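**Student:** structure for this input, please:
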Amino acid sequence: MPTAHREVERKYEPPTGAPLPSLQDLPGVAAVSDPVTHDLEAVYFDTDDLALASSGITVRRRTGGDDEGWHLKLPVGPDGRDELRLPLSRSVHTVPKPLRTTVRAYLLDRDTGPVATLRTDRAEYTLRDASGTTLATFCDDRVTGCRHRDEHVVEWREWEVELVDGDVGLLDAAEELLTEAGAEVAAGPSKLARALGGIPVSEADVLDPESPASAVVGLRLWQQVEELKRRDVEVRRDLPDGIHQMRVAMRRLRSALATFRPLVDRDVTDPIRDDLQWVGRVLGEARDSEVIHERLRHVLAEQPSGLVVGDVVRRLDAFMTQRHEAARDESVEALESERYLTLLQDLNRLVSEPPWTARAHEPASDVLPKRVRRDFKRLRKRVAAVDEATDPHERDLRLHEVRKAAKRARYAAETLTPVHGKPAERFVKKVKKVQSVLGEHQDSVVIQPLVLDLGAQAHQAGQSAFTYGRLHALEQTRAADSARRFEVAWRQASKKKHRAWL
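**Tutor:** Numbering: from 1, shown residues only. As a prediction, this is how the structure comes out:
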């Protein structure tokens, strides 16, 4: 399995022949080591259309230096990247399977090959504080890059500052020092981009109410497909919250294709919605187990010790861990399936060749607000249906339907925020509150039978079921409280002034 390393760094282009500034002048830096030199060679791999590089991802085989091996770099925030490393092997022309699998959402099983080779003469300096702790490293690189498709060669010099145990404030101070010395912030995101002469990156058009409806909805679809791919990587790496965020991206895609269905050919989009629902349902089992486990652990930690009777925590941990691992295995199996791979291919076609109908080319202001109004009307009907329910179980089911309708209205309005700005954002915030409160309610409804089952298991094992009964009562109280808070949230969200922009 690859090892992970978090990089937080910034790159600069110094003037030709510029001397190094005094790095010891940086705040907190008490000593700067003598330079250690390295001769590095890195061969970068990608698809013919640079599917990885265009999303800020790089795969390379590096020789030389302290970290030689196969490296997969994934963007994390403006200055950070996660680097997954594997040792060098006899393979020179094929990216190792663990790295290819991690980024399968981008590769789609397409072949990869060398796209550029970079040779770097590096002088590396270590920046330490008064206690000897390494705060950062500074690299003075002289790079020769060769683009494989036409053997074009480019040479440049680059300064790089990477944090070790320092903080972002040190990066800011280094940026000020280096720019005062004449350096400019590196124009490209990576050395690879410089060697390739730039990497194509999609840019959003400036939108307004007179923009075609297709431009507004198309932007939403493109954003969420990219988000789905990014979260796919996190799920494969088993990162916290990856499953949740991937499901959110899928729900937003499904919602957009449902809300704006008159704008697209449903023969194309309905099967995509079905497959998104399938994957979301599979991932939902793993996500639910995470939420339930975290919730019950938190509640138990708040209880006086005398009210936690028996091995409740051990039993809970064993039960939920087994449940989560089984659900995660099913999730990974789904992501490796041909059905999912086909879905990714369909999503790529959806954003590259959208199946627009004639209505999609009308002005956004003429087409889109009425679709949001329609979703809000649907939400309002479901809220009214809650008051008609007399059976508690039926009421819980109807509140869950309200929650799903609130999500759809929220996601519909989110699509229009690039056009309508603050008014749409305020509407989104109000409806999101309704959704969030009912999310707590649904979690509680799901947890109640589970703790009863755990209590029954404890009783059958000859142990006290007292604490499980207490957990059940606490969840009943939580459900009742969230139902009351829902009424307050709905009164706010349903005020006419929040829909004036529609």
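**Student:** what's the helix or strand for residue 93?
**Tutor:** For residue 93, there is no host helix or strand (DSSP states H and E).
**Student:** what's the burial count for it?
**Tutor:** Neighbour count for residue 93, taken as other CB atoms under 10 Å: 10. All C-beta spots, glycine's among them, are computed from the backbone N, C-alpha and C.
**Student:** tell me where the model's unsure across the protein.
**Tutor:** Low-confidence segments of the chain (pLDDT under 70): 201-204.
**Student:** check contacts around the most centrally placed residue in it.
**Tutor:** By CA atoms, centre = their mean, the chain has its centre lying nearest to residue 231, at 4.3 Å. By CB atoms under 8 Å, 6 or more residues apart in numbering, the contact set of residue 231 is 242, 245-246, 249.
**Student:** mind checking which of these land in helices?
**Tutor:** Among the contacts of residue 231, the members falling in helices (DSSP state H) are 242, 245-246, 249.
**Student:** who wins for most neighbours among the residues you listed?
**Tutor:** Neighbour counts for these peak at residue 246, which has 26 neighbours (criterion: other CB under 10 Å).
**Student:** gap between it and residue 53?
**Tutor:** Between residue 246 and residue 53 the computed distance is 23 Å (CB to CB, to the nearest Å).
**Student:** got it, and residue 174?
**Tutor:** 26 Å.
**Student:** ditto for residue 215
**Tutor:** Look at residue 215 and residue 53: by CB to CB, they are 26 Å apart.
**Student:** more neighbours: which of the two?
**Tutor:** The residue with more neighbours, out of residue 215 and residue 53, is residue 53; 25 against 18, by other CB under 10 Å.
**Student:** how about the helices in the protein?
**Tutor:** Secondary structure of the chain, counting by DSSP H: helices at 97-102, 104-107, 168-180, 191-196, 213-236, 242-259, 266-302, 312-335, 338-352, 364-387, 392-420, 422-460, 466-493.
**Student:** which residues are contacting the second one?
**Tutor:** What it means is helix 104-107. Outside helix 104-107, the residues touching it (CB under 8 Å, 6+ apart) are 47, 51-52, 55, 57, 100, 228-229, 232-233, 236, 335-336, 341, 344.
**Student:** among the residues you listed, give me the pair with the biggest separation.
**Tutor:** Farthest pair in the contacts of helix 104-107 (CB to CB) is 55 and 336. Separation: 20.5 Å.
**Student:** tell me which of those two has more neighbours.
**Tutor:** Per other CB under 10 Å, whichever of residue 55 and residue 336 has more neighbours is residue 55, with 20 against 12.
**Student:** report the separation between that one and residue 99.
**Tutor:** 15 Å.
**Student:** can you check residue 5 too?
**Tutor:** 14 Å.
**Student:** higher neighbour count, these two?
**Tutor:** residue 99 (19 against 13).
**Student:** how many residues are close by the closest residue to that one other than its chain neighbours?
**Tutor:** For residue 99, ignoring the flanking residues on the chain, the nearest one in space by CB to CB, 6 or more residues apart in numbering is residue 72 at 4.5 Å. Residue 72: 26 surrounding residues under other CB under 10 Å.
**Student:** and what of residue 37?
**Tutor:** Residue 37 has 9 neighbouring residues, counting by other CB under 10 Å.
**Student:** surely it and residue 120 touch.
**Tutor:** No: with contacts counted by CB atoms under 8 Å, residue 37 stays clear of residue 120, the gap being 10.6 Å.
**Student:** what residues are up against residue 174?
**Tutor:** Per CB under 8 Å, 6+ apart, neighbours of residue 174: 10, 23, 26, 136, 138, 161.
**Student:** residue 122 too?
**Tutor:** Here residue 122 is in contact with 37-40, 65, 139-142 (CB under 8 Å, 6+ apart).
**Student:** try it again with 6 Å
**Tutor:** 38, 40, 139, 141 (CB atoms under 6 Å, 6 or more residues apart in numbering).
**Student:** which of the residues you listed lies closest to residue 442?
**Tutor:** Nearest to residue 442 among the contacts of residue 122 is residue 139, at 51.0 Å by CB to CB.
**Student:** near that closest one, how many residues? Count them for me, please.
**Tutor:** Neighbours of residue 139 (other CB under 10 Å): 19.
**Student:** look up which residues are beta-bridged to it.
**Tutor:** residue 124, residue 160 (DSSP bridges).
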